[in-house]
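Participant: Pasting a predicted model and its sequence here:
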Amino acid sequence: MAKKKENPAEMPVEERLQNLYQLQTILSEIDRIRTLRGELPLEVEDLEDTIEGLKTRISKTETEISDLRSKIADYRGKIELAESQLATYKEQMDNVRNNREYDLLNKEIEFQTLDIELSNKRIREAQAQEKSREEYLAKNKEELEGRMQDLEVKKNELDEIIAETKADEEKLREKAKNLETQIEPRLLQSFKRIRKNCRNGLGIVYVQRDACGGCFAKIPPQRQLDVRMRKKVIVCEYCGRILIDPELAGVKQDTPAAEEKPKRRSRRKNAEE
């Protein structure tokens with residue numbers, strides 16, 4: 001008959017703390033594997049963001065260049081129309097019948113001439129902007145190409161490291177997942193919250209030389225005794241980490257040799273001297 005699985009909440013405190021410390025050891029090893037990857041994941045992410053920004057910039061610049069070219073085409077169309085009208089007005093000048101018609105045609109010719117000059121000016125300005133945007137576009141495309149090459153190199157490096165450590169990390173994650181089922185949910189949640197708030201990721205530590213192994217704050221003797229008794233979960237009053245004794249963590253601590261007390265000379269001997 002299969003043995004019924006023990007309820008984590010009914011386990012002795014000592015066993016709960018042992019499971020929790022084992023979980024801490026596994027999670028620390030996973031953290032170590034992640035550290036091997038260094039800043040590569042962040043570098044890859046930054047490069048991807050930069051590339052997306054460059055692509056957006058390039059797309060916007062290409063739209064601006066297209067709009068400028070459309071404007072140039074419109075101005076050229078206006079110039080062609082104005083030149084056609086100008087030619088018509090000049091032909092009509094040969095057939096004017098009075099001064100009034102002559103003045104009106106002169107004004108139209110002047111107006112069309114100014115319109116042609118203004119359109120040419122607008123074309124030159126648009127062409128200058130187009131040239132500037134094309135140079136900017138070429139610069140961004142060159143930068144994009146370089147960033148894409150950098151990203152490929154970084155991704156290859158990251159993929160190699162992940163491939164080397166993936167199997168180990170998956171095994172450790174599976175162990176951690178199985179171990180979590182053997183820990184009381186409320187205690188597990190508290191441990192995860194403490195671990196998240198700690199810079200080194202240690203949510204449970206053992207007492208070292210009468211001090212917390214996390215923040216190194218001094219622990220009162222009575223509290224140390226409570227830790228060694230393993231009857232309840234004790235946390236550090238300063239950093240909030242869960243405390244256990246070194247023996248439970250499998251750590252042997254060297255006890256300093258007792259200092260020899262100096263021999264006291266008897267009063268009688270002192271008197272005799």
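Facilitator: Thanks, I have the structure now.
Participant: mind checking which helix or strand the residue sitting nearest the centre point of the chain is in?
Facilitator: Against the mean C-alpha coordinate of the chain, by CA atoms, centre = their mean, the closest residue is Leu42 at 5.4 Å. Remark: Leu42 resides in helix 40-93, with elements defined by DSSP states H and E.
Participant: From the contact counts, what lies against the helix or strand following that helix?
Facilitator: For helix 40-93, the following helix or strand on the C-terminal side (DSSP H and E) is helix 99-180. When contacts are defined as 3 or more CB pairs under 8 Å, 6 or more residues apart in numbering; DSSP states H and E, helix 99-180 sits against helix 13-36, helix 40-93. Just so you know, the C-beta spots here come from the backbone N, C-alpha and C atoms, and that holds for glycine as well.
Participant: Please state the offset of the last one from the chain centre?
Facilitator: Averaging C-alpha positions (CA atoms, centre = their mean, to the nearest Å) puts helix 40-93 36 Å from its chain's average.
Participant: Just say which of the helices and strands packed on helix 99-180 is most tucked in.
Facilitator: helix 13-36 (a mean of 17; mean count of other CB atoms under 10 Å).
Participant: quick one: average confidence on that helix?
Facilitator: Here helix 13-36 scores 89 as its mean pLDDT.
Participant: same check, this time on stretch 229-248
Facilitator: 91.
Participant: and if you look at stretch 121-141?
Facilitator: 96.
Participant: contacts for that stretch?
Facilitator: Applying CB atoms under 8 Å, 6 or more residues apart in numbering, the external contacts of stretch 121-141 come out as 54, 57-58, 61-62, 64-65, 68-69, 71-72, 75-76, 79.
Participant: Just put those residues in a markdown table and tack on distance to Leu202.
Facilitator: Shown next, in a markdown table, are the contacts of stretch 121-141 (distance: CB to CB, whole Å):
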| residue | distance to Leu202 |
| --- | --- |
| Leu54 | 41 |
| Arg57 | 44 |
| Ile58 | 47 |
| Thr61 | 50 |
| Glu62 | 52 |
| Glu64 | 54 |
| Ile65 | 57 |
| Leu68 | 60 |
| Arg69 | 63 |
| Lys71 | 65 |
| Ile72 | 67 |
| Tyr75 | 71 |
| Arg76 | 73 |
| Ile79 | 77 |
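Participant: Just the closest of those to Val207, please.
Facilitator: Distances from Val207 to those, taken as CB to CB, are shortest for Leu54 (54.1 Å).
Participant: With adjacent residues omitted, what lies nearest to the closest one?
Facilitator: Leaving aside its sequence neighbours, Leu54 sits nearest to Leu144 (CB to CB, 6 or more residues apart in numbering; 4.5 Å).
Participant: Can you check the pLDDT for the one you found?
Facilitator: On the pLDDT scale, Leu144 is placed at 96.
Participant: what ranges do the strands span in the stretch 151-273 of the chain?
Facilitator: For the stretch 151-273 of the chain, the strands defined by DSSP state E, counting those that start in this stretch cover 204-206, 234-235, 242-244.
Participant: okay, those strands, which one's buried deepest?
Facilitator: strand 242-244 comes out most buried of the strands of the stretch 151-273 of the chain by mean count of other CB under 10 Å, with a mean of 24.
Participant: what's in contact with it?
Facilitator: Against strand 242-244 from outside (CB under 8 Å, 6+ apart): 17, 20-21, 190-191, 194, 203-207, 212-213, 219, 223, 227, 230, 233-236.
Participant: if we go to 7 Å?
Facilitator: 17, 20-21, 191, 194, 203-207, 212, 227, 233-236 (CB atoms under 7 Å, 6 or more residues apart in numbering).
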